[in-house]
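Undergrad: coords please:
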Amino acid sequence: MSSPSYDLALGMSQDSLTSGIKEMHKKHHAALFKGDETVPKDKKEYRFIWDADEAPNLVLDAPDKTVWDNTWKAQGVTALPASNVVQLVLPNLIANCSIDNIALPQVKGEVIIPAHVAVESGAVTLKLLGVWMKNPPGNGTDKILMKNVVVPKIMKMANPPLKGLQLPAQRLMDKEVKLKPVVVDVVTKTQLVIAATATVSLSTEDFQDTYSWPTGKKVFLLISPAVLEKLIEPMVTKYKNKPLIDLKEGDWSYNATLKARLKEITNVKISDKNPQQGSAKVNIPWEANGYIMGHEDSGCSIFKASQKA
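TA: Model prediction:
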């Protein structure tokens with residue numbers, strides 16, 4: 001196995017991502033998935049009350065042509081990106097709207113928010129592409145309200161759960177590692193993978209167009225050997241000069257001592273062929289003494305040996 005052209009890759013299955021979003025819905029339903037907001041526009045007062053009462057699903061796939069063609073596009077969006085498109089699916093959104101306290105027909109049903117995940121300038125970006133509604137409003141007034149109030153609010157609601165797709169700094173082996181994303185890969189209906197270089201060991205290799213990621217796992221984390229070495233070294237230094245053995249034995253007829261300490265561990269190397277194996281140079285000074293029928297000053301010393309660094 002040659003060294004990869006990234007330092008760390010985090011993969012999350014579609015099921016694990018959806019589970020996380022469902023947990024977010026359960027804990028923060030009132031704060032993130034429902035609301036009541038009034039917006040003044042063109043000397044009118046638009047009120048929008050909404051509730052996504054069922055937990056959303058995340059689909060790692062682009063919407064089909066029928067859904068996309070009937071999607072209310074976000075500003076500046078015309079075409080569907082060719083890859084790395086995901087969908088936040090709200091099984092049931094209930095929306096009650098009014099203009100100057102005059103109620104409009106309730107909008108209710110499935111809502112889909114497609115989004116594009118990419119890497120730009122060393123950061124994971126998430127661009128919401130629009131909103132599709134299974135039961136959209138029919139008349140002109142409703143459509144104006146939908147375009148100016150409902151669609152922006154739905155897209156704003158979609159931001160928190162979808163932001164979880166980004167890759168924050170990770171704490172690995174008691175060390176915070178800042179990450180610079182370089183590759184994002186949405187494997188259709190399977191998993192989303194974000195690969196990054198790490199500040200502890202920035203890779204300088206050219207990045208591939210395609211990768212073979214592990215399959216059949218809900219979550220996986222790949223770390224390059226170079227980063228593992230950098231992370232392990234600070235861990236082993238805290239054991240520097242720690243005593244390993246301090247043994248004293250004896251009675252009236254003999255006395256023996258054995259002392260050893262870990263002076264240092266250097267040259268930590270992780271195997272390129274097997275990341276679960278590694279090697280290091282270990283320096284352990286030790287000293288042993290033994291006496292029979294006496295003590296150190298009696299002249300009856302039998303042996304005294306040491307190995308010093």
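
Undergrad: which residue ranges of the protein form helices?
TA: Remark: helices assigned in the chain by DSSP state H are 14-32, 65-69, 140-145, 151-163, 225-237.

Undergrad: how much space separates residue 127 from residue 87?
TA: Residue 127 is 13 Å from residue 87, where distance means CB to CB, to the nearest Å. Bear in mind the C-beta positions are built from the backbone N, C-alpha and C, glycine included.

Undergrad: again, but for residue 18
TA: Distance of residue 18 to residue 87, given as CB to CB: 11 Å.

Undergrad: need the overlap of contacts for those two.
TA: Common contacts of residue 18 and residue 87 (CB atoms under 8 Å, 6 or more residues apart in numbering): residue 58.

Undergrad: where among the helices of the chain is average confidence lowest?
TA: Per-stretch mean pLDDT for these is lowest at helix 140-145 (a mean of 60).

Undergrad: ends of stretch 53-67, how far apart?
TA: Using CA to CA, to the nearest Å, one end of stretch 53-67 lies 22 Å from the other.

Undergrad: contacts for it?
TA: 14, 17-18, 21-22, 25-26, 33-34, 68, 71, 80-81, 85-92, 94, 112, 114, 132, 161, 186-192.

Undergrad: narrow these to those in strands?
TA: If you go by DSSP state E, the contacts of stretch 53-67 have 34, 85-92, 94, 112, 114, 132, 186-187, 191-192 in strands.

Undergrad: what about residue 57, how many neighbours?
TA: Using other CB atoms under 10 Å, residue 57 is surrounded by 17 other residues.

Undergrad: likewise for residue 83?
TA: 12.

Undergrad: per-residue pLDDT, it?
TA: pLDDT, residue 83: 91.

Undergrad: and it, its phi and psi?
TA: As for residue 83, its main-chain torsions (degrees, to the nearest 10) stand at phi -150, psi 170.
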